[in-house]
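Undergrad: Please find the sequence and the predicted model below.
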Amino acid sequence: MSSRPLAGPVALTAAASATAGALLESGLPAPATQWAFVVLSLPTPALGWLLTVRRPELRYGPLLLAAALTFGLGTLGVGLSARGAPEPIVVPLSVLFAPFYGLTWIFVPLLFPDGRLPSPRWRPVAWIAAVALALHTIGSLLMWVTPYRPFTGPMGVRGLIGALASGIGQLVVMVTAVVVFCGLVVRWRRSGRDERGQYACMVAGTAATLTGAAVMTVILGGSYAGREPDWGILMFGMLLVLGALPAAITVAIVRHRLLDVRIGIRGSRLHLVFDLRPTVDEVLSDLGTALAGTSEPAEQLDRLAAAIRAGLDLRWAAVTLSDGTRVVAGDEDRPPALELPVPGDLGRISAGPRDGGPLTRTDRRLLEALAVPAGLAIQNARLVARLVNAQEAERRRIERNIHDGVQQQLVALIAGLELARATGAGPDMLAHLREQARQTLDDLRELAAGIHPSTLSQGGLVEAVEERCSRLPVKTTVSAPAPLRTRRFADEIEGAMYFTVSEAVTNALKHAAPGHIDVRLSQDGGRLRATVTDDGTGFDPRTAARRGLATLADRLGALGGGLTVDSEPGKGTRMDAWVPVDD
């Protein structure tokens, strides 16, 4: 389920809760320090909303929203406590500070920048941190202490268990935070040139956050011991805890293209231009619209390359098919920065460089997502081309048959009639011309049967196949169950199966010299099947051309069916064809 619809309400709830809690605690008019606290609490929900809406494929946005929500609700609990709200409301809200600190100290730097663990080796660390956070939160809840209620002595068994659990959980969280920070430094040192600036920002932000947490721990620990806290240093620590990570992420976004945000000049005046790269969903939607606007294979490939170029903001993009066909969008003046194969060994996508910076891992994932519809577009282009070629070949075949057969017979018949009129032909010559006219009519019927036999329209598939096979010069048997003889199917299904059988028996007669051909029609498992077997010479399917059957395979594939040929030299041939039908 997409987190986009929830991003706005969660961000508003987090910001409103933090604001309300701060103002409830201090009252109005609020001091400047309280307003500063409110301002510092807003960037995290704003960034969480931005990342969730603009990059829904990443998990980093929801992570920031969760951190902002726990902090906002925790602050609201403190404000309600200051106003004397009932403990069953105040305590569950106040303990949410525990997951907030855990999320910002551990998971925000650990899952940077895309919401995924750096490697499977970090999975145990993530589980330990999650358990420690739960222990800290549940322990704090068991202690049942409100922020504005002074501690008055022993808490009972439940309180002691809670204090122990909370202390252990908090200690493990702190140790884990240090481990995660060290790992972040290592990732920064090992990162590539295009990601080094992003990681440097996160290292600085995490270091500042942990420093602020240490400062606050020392100051608040002294206040528990009876010393008056230094409010200036405490506010400095709060500034680091609340503002360091959002500031680091903002710099990574704006300066180091974490989200491919560009700042520039538009028009004649200087102002900020935030150009966010489209999301995967938006690119796929635009690609679908572009491909739906044309049925021409060449233009579809052009639009595919153009969509890839626009989606990744590239200087050029190219789509290369396995047959060598290559379509380029843009000026291919530099080598490709990234290349990916299209699924199904259909070709490859080449992404040229980008003026605004190098391609990132996010760009690679976007290109991988585009490779799937690219494969479908290439398959569609190939299928359309093959169908067009098949139609042209069929038109030429009919034209050739008419020219070489019926047309010549009609010319001879006309010449014979002219001769008969000129010479006063007798009964023998007229009988010969009548027989010639009858033969021409039979040939015309045979030709028409090759286009769409009338028997198929009137009697159905089984009758049409039997009629076609009855005129073959070799022994041919046709078998079909009784219910299938009276069953009718859609015209396109009957036509596809009839011509598949016709092509199979024709190929057998032309190339295999069979002594017997067996045709079986059946219906089972939601499929209408046709099997043609001959005892001829056979062939090697890996080397023999299958132009006629390939065209029919495309026709069956368009109906959701398929075709297979099994043959071996000297052992005959078996052709199986099927299409889905309702039982």
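TA: That came through, no problem. Numbering: from 1, shown residues only.
Undergrad: Just want to check the distance between the residue most central in space within the chain and E57.
TA: The geometric centre of the chain, computed from its C-alpha atoms, lies nearest to A369 (C-alpha atoms, centre = their mean), at 4.8 Å. Shown here: A369 relative to E57, a distance of 8 Å by C-beta to C-beta, to the nearest Å. For every residue, glycine as well, the C-beta is placed using N, CA and C.
Undergrad: got it, and T13?
TA: Distance, T13 to E57, by C-beta to C-beta: 24 Å.
Undergrad: Between those two, which has more neighbouring residues?
TA: Using other C-beta atoms under 10 Å, the more surrounded residue of T13 and E57 is T13, with 18 against 15.
Undergrad: Just the residues contacting whichever strand or helix holds the more buried one, thanks.
TA: Counting by DSSP states H and E, the element that carries T13 is helix 4-26. Contacts to helix 4-26, defined as C-beta atoms under 8 Å, 6 or more residues apart in numbering, come from residues 30, 34, 37-38, 41-42, 44-46, 48-49, 52-53, 56, 61-62, 65, 68-69, 71-80, 82-83.
Undergrad: So which of the residues you listed are in helices?
TA: The helices in this structure, assigned by DSSP state H, contain 34, 37-38, 41, 44-46, 48-49, 52-53, 61-62, 65, 68-69, 71-80, 82 from the contacts of helix 4-26.
Undergrad: For stretch 312-328, measure first residue to last.
TA: Chord length of stretch 312-328, first to last residue, is 15 Å (C-alpha to C-alpha, to the nearest Å).
Undergrad: Report the mean per-residue pLDDT for it.
TA: Taken as a whole, stretch 312-328 has an average pLDDT of 82.
Undergrad: try stretch 5-15
TA: 92.
Undergrad: same deal with stretch 204-216?
TA: Averaging pLDDT along stretch 204-216 yields 89.
Undergrad: before we move on, what about stretch 526-545?
TA: Summarised as a single mean, pLDDT over stretch 526-545 is 84.
Undergrad: Would you mark the buried spots in it?
TA: Counting neighbours by 16 or more other C-beta atoms under 10 Å, one finds that the buried residues in stretch 526-545 are 527-539.
Undergrad: What is the neighbour count of the closest residue in space to L133 that isn't next to it in sequence?
TA: Nearest-residue entry for L133: G102, 4.0 Å, with adjacent residues in sequence omitted and distances by C-beta to C-beta, 6 or more residues apart in numbering. A count of nearby residues for G102, using other C-beta under 10 Å, gives 27.
Undergrad: next one: R187
TA: For R187, the tally of surrounding residues (other C-beta under 10 Å) stands at 18.
Undergrad: could you point out which element follows the lowest-mean-pLDDT helix or strand in the chain?
TA: None of the helices or strands of the chain scores lower by mean pLDDT, DSSP states H and E than helix 280-292, at a mean of 67. Note on helix 280-292: by DSSP H and E, the next helix or strand toward the C-terminus is helix 297-312.
Undergrad: quick revisit: just the buried members of the ones in helices among the contacts of helix 4-26?
TA: Of the ones in helices among the contacts of helix 4-26, these count as buried by 16+ other C-beta under 10 Å: 34, 37-38, 41, 44-46, 48-49, 52-53, 61-62, 65, 68-69, 71-80, 82.
Undergrad: Quickly list the domain ranges of the chain.
TA: The domain map for the chain lists 4-254, 280-381, 388-445, 460-580, with the assignment taken from automatic domain parsing.
Undergrad: rank these by pLDDT, which is bottom?
TA: domain 388-445 has the lowest average pLDDT among those, namely a mean of 69.
Undergrad: end to end, how far does stretch 518-529 reach?
TA: Using C-alpha to C-alpha, the span of stretch 518-529 from its first residue to its last is 14 Å.
Undergrad: Likewise for stretch 475-494?
TA: For stretch 475-494, by C-alpha to C-alpha, the gap between its terminal residues amounts to 24 Å.
Undergrad: what's the spacing between R116 and A177?
TA: Note on R116: its distance to A177, by C-beta to C-beta, is 19 Å.
Undergrad: Give me the spatial nearest neighbour of A480, chain neighbours excluded.
TA: Taking C-beta to C-beta, 6+ apart as the measure, A480 lies nearest to L521, with 4.0 Å between them; neighbours along the chain are not counted.
Undergrad: ok, now H432?
TA: Here the nearest residue to H432 in space, its sequence neighbours aside, is G416; by C-beta to C-beta, 6+ apart that works out to 7.5 Å.
Undergrad: Is there a neighbour count for that neighbour? I'd like the number.
TA: 17.
Undergrad: Kindly report the same for the one 3 residues further on.
TA: For L419, the number of neighbouring residues by other C-beta under 10 Å comes to 12.
Undergrad: Apart from its chain neighbours, what residue comes closest to it?
TA: With sequence-adjacent residues excluded and distances taken as C-beta to C-beta, 6+ apart, L419 is closest to A425, at 7.2 Å.
Undergrad: Show me which positions of the one helix or strand P483 maps to end up buried.
TA: Secondary structure from DSSP H and E places P483 in helix 482-486. By neighbour count on 16+ other C-beta under 10 Å, the buried set for helix 482-486 is empty.
Undergrad: what comes into contact with that helix?
TA: For helix 482-486, the external contacting residues (C-beta under 8 Å, 6+ apart) are G460, L461, V462, E463, L521, S522, Q523.
Undergrad: which stretches of the stretch 151-300 of the chain form helices?
TA: Taking DSSP state H, counting those that start in this stretch as the criterion, the stretch 151-300 of the chain contains helices spanning 156-190, 193-224, 231-254, 280-292, 297-312.
Undergrad: The stretch 301-450 of the chain now?
TA: Taking DSSP H, counting those that start in this stretch to define them, one finds helices in the stretch 301-450 of the chain at 361-401, 407-423, 427-451.
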